[in-house]
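In: what's the 3D shape of this:
(chains A and B)
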Amino acid sequence: MSTTSLDLVKEGRRAVIRGFNGECGWTRRLQCMGITPGTEVEVLLNRKRGPLVLRVKNGTEISIGRGLARKIAVEVLE
Amino acid sequence: MVTKRVTVAIIGQPNVGKSTLFNVLAKQHVIVTNWPGKTVERYEARIKYKDHEIILVDLPGIYGFSYLTLEERISRDYVLNERPDVVVVLVDSLSPERTMYLAVELLEMRRNVVLAFTKVDEAHSRGVHINFELLERELEVPVVPVSAVKKIGIDYLLEAIVRASRSSKKPLVVDYGELNPFIDEVVASAQKAAANLKYPLRWAAIKFLEGDTGVEGELESLGDTYGYLEAIRVEAAKRFGASISSLVVKKRFEYIEALARNAIARATIPQHGVSLAKIFYNPYAAPLVSGALLFSVFTAVFAINTGYPLTAILRSLGYNGVAEWLEENSLSNLIGYWLSSLSGAILRTFGETLISRFIVEAIIRGLATLLLFLPLLLIAMVALGALDDSGIVPRIAVGMHALFQKIGLSGHAMFPLIMSLGCNVPGVLITRAVPSATERWRLMLLVPFMPCQARLLVLLAVAGASTSLPGALLVPLAYLTAFSVVVVISLAVSLLSRKRGEATEIELLLELPPLHKPIPKVIWWFAWSNIKHFLAKAGTVILLANIIAWVLTNLNAGMGIASEPSESVAAFISRGLAPILAPLGVSGPNAWFIVFALIMGFIAKELFVSSLIGVSGLYTLRDVFKAVELSPASTVAISLLVTLYVPCLATLIAIYSESKSLKLVIEVALAMLVVAYATSLVIYNAFSLMLQ
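Out: Predicted coordinates:
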């Protein structure tokens, strides 16, 4: 298991959210949308550029910009 | 029979189907106002149920009760200060574990609550099974499954509202683990200092520990005790760091997960949606698929309205007859035809008196402007509603995000800008969906520069009338210039705000609802609620502006009736302003025709052509251009001026009604005038050199 930021997680992998790099309106909103510490997410889309698409809590897909993804610390699951 | 009045607030996270349910409950009796002092619209409806009068208030969609965004402040203040008898909180049956978050926080504030699980019809087919009775026992509030589209459970919901209004249970207590002692201490000390605080105490204590500014303001009235509360918070911060709010959110979700373990079961059904959706995420296919999709939708919208660009394609293929038929039967042509026959009938019946001319020229022509604009708006909104309801719009936004980021915007900007190619007014209205206030403000400045269909009509007319200029060149040139202006201004604005050191908070954060077939009823509600309110406002202003313009063109300088348009006050003003156009090569004795038409074009762009003909007393645009002695270079310059200066009064009204900022409206208008003039000046000189 290794800790990294969400934007570096490869497409198709799962990861557990560990925390946020700095608190702001965006990270609060993320948490209320279900992206909270301890939650498992699946990275459905992550190319070199452009936003990521995640699957959270039983099915909802959420897209987040790369800048925001960089602020999210995660643990990649094997 | 005594009627009891029950006030009910409806609340839910975005995308849970709130407006759909509200529309079904309200049964067309909706009253639209604005929240006091706010830019957000407030929807209210009064309905009868048995011996109750139920007043429904639709609160803005929010994810939680923090105090950060405008929507959160409105919804929270309403629930806490106005104290509705019942709050109905919606939960999405398709992802209950995530959308129950708002409901749990609400239950910590009060217990006169009904949980309504939306989209139950869909949940079944997706294999989600929810034990509503168990949830009702655990949460001690009514829990009702509903489907607004299939009208399932509506009566049960109303019955539950009545039941909840009588409940006197205390708010829900969620276990916050290691944070509990701190919460208890804040509650105990605050209670000692003031027995009757306005806010639910335990909830307020949690918010206070999170550093919520709204609750701080409320607790400051406790005087000395407030200092002690702050000391508790400092202690808590020492133990948990800055992440108290993360901990709170996490514990709430843990509470939900414990509930869900027993109450929610899922049959695994293979998801086909993902593979189809992948097309929109492919870096190469995304722009192509999105582009093709948007192009075909808007071609259809335009073609129904004016025939263009389908007619041009048909003509180039040799189907002139079909093109002509399409043009004759396009909506704008049909409406124009009906109105001119009505005007003719009025003039024939009452003769050409001043009053009958006033009715025909000021009032009917004003209504015509509005009527010509209504179908375009409606069709565009229906198309947008269909794309939006099917879940395609957010996916296109994801695919285009990287492209928009290059000019300082996000994927959220895609739809307002594309929409504006049809009409700027809905383009401004749908900036509402953009989460970042900075980006929304920027878009309201950019949208009016997008060339709309009215401007296309003017460009086509000018290109057709010019003898020495290939029309096929003029339209692409004008569009390319307008797009470049949008890109340059967007870059300039974002560079400016970066220089000022403002934190750029333009990011993408979007929920992607599952792709599905759009539901006609939902599309209609979307379209109608988006334009109804605006039409009433714009209608009055357009009519008023048209009446003022009529008076100015029919009054002469001596306050008498002008026998010729060229003797009117409007002509007098236009002559005075005519030297402005001299640098663009428009300087003959009749140069004021153009100024006059530009002033009228301020009300609505299509008036540019008709008022040129009207004021000159000539019959075709070609004759007018000859009379003004317009050179090819000047024709290009004037076309660009028309494309880029303020699109129409309706757009400015839309910007005002969305931003409530007169300053922004004036800034937009000034920026457009300056940019339009400067650009056409450059183009005029470039063309003069080239054509020499």
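
In: residue boundaries of the helices in chain A?
Out: Residue ranges of the helices in chain A, as given by DSSP state H, are A:25-32, A:66-70.

In: ranking the ones you listed by burial, who's on top?
Out: When neighbours are counted by mean count of other Cβ atoms under 10 Å in any protein chain shown, the highest per-stretch mean among the helices of chain A falls to helix A:25-32, a mean of 21. No exception for glycine: its C-beta is placed from N, CA and C like everyone else's.

In: got the CA coordinates for that helix in CSV?
Out: Extracted as CSV, the C-alpha positions of helix A:25-32 are listed here (Å, rounded to 0.1, in the frame of the first residue of the first chain):
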residue,chain,number,x,y,z
GLY,A,25,-15.0,25.3,-0.3
TRP,A,26,-14.2,22.7,-2.9
THR,A,27,-12.9,20.0,-0.5
ARG,A,28,-16.0,20.5,1.8
ARG,A,29,-18.2,20.1,-1.2
LEU,A,30,-16.3,16.9,-2.2
GLN,A,31,-16.9,15.5,1.3
CYS,A,32,-20.6,16.2,1.2
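
In: for residue B:148, which of the helices of chain A is the nearest?
Out: Proximity to residue B:148 (Cβ to Cβ) singles out helix A:25-32 among the helices of chain A, at 23.5 Å.

In: does the closest one come close to chain B?
Out: Yes - Helix A:25-32 comes into contact with chain B (Cβ under 8 Å from any Cβ of the partner chain), by way of A:25, A:26, A:28, A:29, A:30, A:31, A:32.

In: roughly how far is that helix from the heart of the chain?
Out: Centroid displacement of helix A:25-32 relative to its chain, using Cα atoms, centre = their mean, to the nearest Å, is 12 Å.

In: can you list the helices and strands that it packs against?
Out: Based on contacts counted as 3 or more Cβ pairs under 8 Å, 6 or more residues apart in numbering or on different chains; DSSP states H and E, the elements that helix A:25-32 packs against are helix A:66-70, helix B:244-263, strand B:509-512.

In: contacts for it?
Out: When contacts are taken as Cβ atoms under 8 Å, 6 or more residues apart in numbering or on different chains, the neighbours of helix A:25-32 outside the stretch itself are A:20, A:64, A:68, A:71-72, B:13, B:63-64, B:66, B:68-69, B:101-102, B:245-246, B:249, B:435, B:505, B:507, B:509.

In: among the helices and strands packed on helix A:25-32, which is nearest residue B:86?
Out: Of all the helices and strands packed on helix A:25-32, helix B:244-263 sits nearest to residue B:86, with 21.6 Å by Cβ to Cβ.

In: which residues sit against the closest one?
Out: Residues lying outside helix B:244-263 but in contact with it, judged by Cβ under 8 Å, 6+ apart, are A:19-20, A:23, A:28, A:31-32, A:34, A:36-39, B:64, B:66, B:96-97, B:100-101, B:104-105, B:130-131, B:134-135, B:138-139, B:174-177, B:179, B:206, B:209-211, B:236-237, B:240.

In: if you set the cut-off to 6 Å instead, what comes out?
Out: By Cβ atoms under 6 Å, 6 or more residues apart in numbering or on different chains, the residues outside helix B:244-263 that reach it are A:31, A:36-38, B:97, B:100, B:104, B:131, B:134-135, B:174, B:176, B:206, B:209-210, B:240.

In: for that helix, list the C-alpha coordinates in PDB.
Out: Coordinates of each C-alpha in helix B:244-263 appear next as PDB, following Å, rounded to 0.1, in the frame of the first residue of the first chain:
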ATOM      1  CA  ILE B 244     -12.700  18.400  12.700                       C
ATOM      2  CA  SER B 245     -15.100  18.900   9.800                       C
ATOM      3  CA  SER B 246     -13.700  15.900   8.000                       C
ATOM      4  CA  LEU B 247     -14.200  13.900  11.100                       C
ATOM      5  CA  VAL B 248     -17.800  15.100  11.400                       C
ATOM      6  CA  VAL B 249     -18.600  14.200   7.800                       C
ATOM      7  CA  LYS B 250     -17.000  10.800   8.200                       C
ATOM      8  CA  LYS B 251     -19.000   9.900  11.300                       C
ATOM      9  CA  ARG B 252     -22.200  10.900   9.600                       C
ATOM     10  CA  PHE B 253     -21.400   8.700   6.700                       C
ATOM     11  CA  GLU B 254     -20.600   5.900   9.100                       C
ATOM     12  CA  TYR B 255     -24.000   6.300  10.700                       C
ATOM     13  CA  ILE B 256     -25.600   6.000   7.300                       C
ATOM     14  CA  GLU B 257     -23.500   2.900   6.400                       C
ATOM     15  CA  ALA B 258     -24.700   1.200   9.600                       C
ATOM     16  CA  LEU B 259     -28.300   2.000   8.600                       C
ATOM     17  CA  ALA B 260     -27.800   0.900   5.000                       C
ATOM     18  CA  ARG B 261     -26.300  -2.500   6.000                       C
ATOM     19  CA  ASN B 262     -29.700  -3.600   7.300                       C
ATOM     20  CA  ALA B 263     -32.100  -1.500   5.200                       C
END
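
In: so where's chain A uncertain?
Out: Within chain A, the stretches with pLDDT under 70 are A:1, A:23-24, A:57-58.

In: can you map out the strands along it?
Out: Secondary structure of chain A (DSSP state E): strands located at A:2-5, A:14-20, A:40-45, A:52-56, A:60-64, A:72-76.

In: now these as JSON lines including mean neighbour count and distance to residue B:51?
Out: JSON lines is the format used below for the strands of chain A (neighbours: other Cβ atoms under 10 Å in any protein chain shown; distance: least, Cβ to Cβ, whole Å):
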{"stretch": "strand A:2-5", "mean neighbour count": "12", "distance to residue B:51": "59"}
{"stretch": "strand A:14-20", "mean neighbour count": "19", "distance to residue B:51": "50"}
{"stretch": "strand A:40-45", "mean neighbour count": "19", "distance to residue B:51": "50"}
{"stretch": "strand A:52-56", "mean neighbour count": "23", "distance to residue B:51": "44"}
{"stretch": "strand A:60-64", "mean neighbour count": "23", "distance to residue B:51": "41"}
{"stretch": "strand A:72-76", "mean neighbour count": "20", "distance to residue B:51": "53"}
